[in-house]
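Enquirer: Only the shape, not the letters, is given here:
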């Protein structure tokens, strides 16, 4: 294809579509051009159960996600966008029952780990997007699997989804 075949109007149209006026990215984030910084505070673990590393794991994962998927500069305090919160709950509940066969004992064949996180989002440039709400997700696992060996992986999978939900609620405006 020859560039001589493109009219100036076609070139401008392609340029406008590809730049998206500077407020949209391929990650789905629609951040105003005047928003430059974000501060994410430590998400403390207030859940009665769960791995002791949840606070550090979640905080670092959410910081990494925003840095990888936006052009915002991460600062310690007073960012144009501010996120903080805490882990409110970690539960393991039975999902599917299984019979014990000849022994007559019933037990759970499938269990569910559910984690709930309370997050507060403040947008200093446009307070209409502010929120304070809970995000929750779960991971089912077969009880034949050793939970102690797999718990960290399950928690990280749950955190990945919760972080995506927080990201979409904050800067993707979904």
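Expert: In hand now; what should we look at? Every value quoted in this text rests on a predicted model; they were computed, and no experiment measured them.

Enquirer: Would you mark the buried spots in the longest helix seen in the chain?
Expert: Determined from DSSP state H, the single longest helix within the chain is helix 147-170. By neighbour count with 16 or more other CB atoms under 10 Å, helix 147-170 contains the buried residues 151, 154-155, 158-159, 162-167, 169-170. (Each C-beta comes from the backbone N, C-alpha and C, glycine too.)

Enquirer: Show me where this structure has its helices.
Expert: Counting by DSSP H, residue ranges of the helices within the chain are 8-19, 54-69, 147-170.

Enquirer: can you redo these as CSV with distance to residue 41 and mean pLDDT?
Expert: As requested, the helices of the chain are exported to CSV (distance: least, CB to CB, whole Å; pLDDT from 0 to 100):
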stretch, distance to residue 41, mean pLDDT
helix 8-19, 33, 50
helix 54-69, 8, 97
helix 147-170, 13, 96
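
Enquirer: Output those as a markdown table; include the columns distance to residue 38.
Expert: Rendered in a markdown table, the data for the helices of the chain read as follows (distance: least, CB to CB, whole Å):
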| stretch | distance to residue 38 |
| --- | --- |
| helix 8-19 | 22 |
| helix 54-69 | 6 |
| helix 147-170 | 9 |
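
Enquirer: returning to what we had before: quick check, nearest of the buried residues of helix 147-170 to residue 37?
Expert: Proximity of the buried residues of helix 147-170 to residue 37, judged by CB to CB, is greatest for residue 170, which lies at 13.9 Å.

Enquirer: count of residues packed around the spatially closest residue to that closest one that is not a sequence neighbour?
Expert: What sits nearest to residue 170 in space, not counting adjacent residues and going by CB to CB, 6 or more residues apart in numbering, is residue 121, at 4.7 Å. For residue 121, the number of neighbouring residues by other CB atoms under 10 Å comes to 18.

Enquirer: out of the buried residues of helix 147-170, who's nearest residue 50?
Expert: Checking those one by one against residue 50 (CB to CB), the nearest turns out to be residue 155, at 7.2 Å.

Enquirer: where in the chain is pLDDT low?
Expert: Along the chain, segments meeting pLDDT under 70 span 1-28, 99-107, 174.

Enquirer: let's see it at 50
Expert: Residues of the chain meeting the criterion pLDDT under 50: 12-13, 15-27, 102.

Enquirer: returning to what we had before: between the helices of the chain, which one is nearest to residue 33?
Expert: helix 8-19 (11.3 Å).
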